[in-house]
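> need a structure here:
(chains A, B, C and D)
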Number of protein chains: 2
Amino acid sequence: MSTAAATRRGIPDASVARLPGYLRALTALADAGIASVSSEELAGAAGVSSAMLRKDLSHLGSYGVRGVGYDVERLASEIAAALGLTQDWPVAIVGMGNLGRALAAYRGFAERGFRVIALLDRDPRVVGEEVSGRVVRPMTDLATLVRDEGLSVGVIATASDGAQDACDALVAAGIRSVLNFAPVLLSVPEDVAVRTVDLSTELQILAFHGQRNAVAEAVAP
Amino acid sequence: MSTAAATRRGIPDASVARLPGYLRALTALADAGIASVSSEELAGAAGVSSAMLRKDLSHLGSYGVRGVGYDVERLASEIAAALGLTQDWPVAIVGMGNLGRALAAYRGFAERGFRVIALLDRDPRVVGEEVSGRVVRPMTDLATLVRDEGLSVGVIATASDGAQDACDALVAAGIRSVLNFAPVLLSVPEDVAVRTVDLSTELQILAFHGQRNAVAEAVAP
DNA sequence: GCGTGTGAAAATCTTCACAGCG
DNA sequence: CGCTGTGAAGATTTTCACACGC
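All right, here's what the predicted structure looks like:
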């Protein structure tokens, strides 16, 4: 089975979700001038078990050397290829409230190869304003951005009540990948991928664990 | 087995991670004046299957009525109790860069019952500055905040290279729950819960799915 | 010899399908 | 009768443990 075939069919979702972590660890190793790494070391750097790391990598192909380990650069580029990072994924951020502005100023996107090519807002009073060196554009520009600039990822940073509208506009313009920061369930056609990041959800999960700790401590202090 | 006992032992992690979604849907229903809901309806509103919803709820106890459904208010408060939201979880945000300021201005925390009681930064030039109506405090205030104000959750919004230091300071002050926005693996004692939200990771996962779609389309257009 | 790659086993999570209760 | 709660089946994910190849 060719690498491309392996990539095409099922890499398990759980595995895909960990690949960015491996890539991050490999990049750090490369920056530190380390050329080769064992599964044990890389797993430690990524916070997983070595068995899981090897199983995950086995879905991509066989890029290690038995008795030695992995070539850092090589493995990094194989993972990047599996994730589809060899191509460009231009990003637009919709909603120029506090969060949208913070995201617009965030340098991490560019560092990991995601170009933010547009900032948008539905409010005519915000459109035309300059944010982080870019002019905010109206939602009606979406179709053009997709057609002429290859826009392919939308980030929703609107308030909750505008999120579904923003999403519908992105989908209508042809975007298939949405990163949503609004605490709502977005409804989309099934060929559109949505990932929602909700701060309150994260805090509530932490509250659960905090509570659990407190109880465990009371039982066995 | 009592409810408290059920809560104490294992609610599966996957189940815990969905409870906030149910709570959000229930709150929306309550706001819309709806008093009773079936598993089918609630599951739809939360984006899961009805079987999964019922299984998840069965871990909390038996709060539905056969042939009828669930009382919206009642179920919401049982879920809140299971998550530990009956108690207060005061939050501090560490790092007053772009993201920290956006989080400081975010209203969603308060809406879901998390009080932000302090903003901190390690940079003396930022300490003392006013952000969203609060004076930024130095890291050395952490111990006092934990002791006197019950601070229990730390949000790390620093740059990557300051994140582990910030985390160590939080842990040293006695905090057991950390929400991390820096793209690094934090190392903590095992009784500390960390959840990391990394925007680039999310985008990379979306890139994978986008690529997959593109391939699928090429194969079967 | 050493560390990868991988079948097989174990654990976890999701779906099915229906008994049971209001 | 209708919908919940739940054992059992099925799917997925993780861990184990060792054969294999440099």
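> from here on, contacts and neighbour counts on C-alpha atoms
Will do.
> Can you get me a residue count around A:D141?
Other residues lying near A:D141 total 12 when counted by other C-alpha atoms under 10 Å in any protein chain shown.
> Name the SS class of it, please.
What DSSP: H, G, I helix; E, B strand; the rest coil gives for A:D141 is helix.
> gap between it and A:V155?
To A:V155, A:D141 is 15 Å away according to C-alpha to C-alpha, to the nearest Å.
> Likewise for A:S15?
Distance from A:S15 to A:V155, by C-alpha to C-alpha: 24 Å.
> Neighbour count: these two, which is higher?
A:V155 (27 against 16).
> mind checking which helix or strand the more buried one is in?
Using DSSP states H and E, A:V155 maps to strand A:153-156.
> The nearest residue to A:L99 once chain neighbours are set aside and B:E111, how far apart?
If the residues on either side of it in the chain are set aside, A:L99 comes closest to B:A102, at 5.4 Å by C-alpha to C-alpha, 6 or more residues apart in numbering or on different chains. Here the criterion is C-alpha to C-alpha. By it, B:A102 lies 16 Å from B:E111.
> A:R125 now?
A:R125 is 27 Å from B:E111, by C-alpha to C-alpha.
> same thing with A:D88?
38 Å.
> OK, contacts around the closest residue to A:T196 other than its chain neighbours?
Using C-alpha to C-alpha, 6+ apart and skipping residues adjacent in sequence, the residue nearest A:T196 is A:N180, 4.5 Å away. Listed by C-alpha atoms under 8 Å, 6 or more residues apart in numbering or on different chains, the contact set of A:N180 reads A:V155, A:I156, A:A157, A:V194, A:R195, A:T196, A:V197.
> Which strands border the helix or strand the fourth one falls within, and is each parallel or antiparallel?
I take that to be A:V194. According to DSSP H and E, A:V194 maps onto strand A:193-196. Next to strand A:193-196 in the sheet, as set by DSSP bridges, lie strand A:177-180 (parallel).
> Can you pull the residues of chain A lying near DNA strand D?
Chain A comes close to DNA strand D at residues A:P12, A:D13, A:A14, A:S15, A:V48, A:S49, A:A51, A:M52, A:K55, A:V65, A:R66, A:G67, as judged by C-alpha under 7 Å from any atom of the strand.
> now, which of these sits nearest chain B?
A:D13 (9.2 Å; C-alpha to the nearest C-alpha).
> count of neighbours near that closest one?
A:D13 has 10 nearby residues by other C-alpha under 10 Å.
> Distance of it relative to B:L203?
On the measure of C-alpha to C-alpha, A:D13 and B:L203 end up 14 Å apart.
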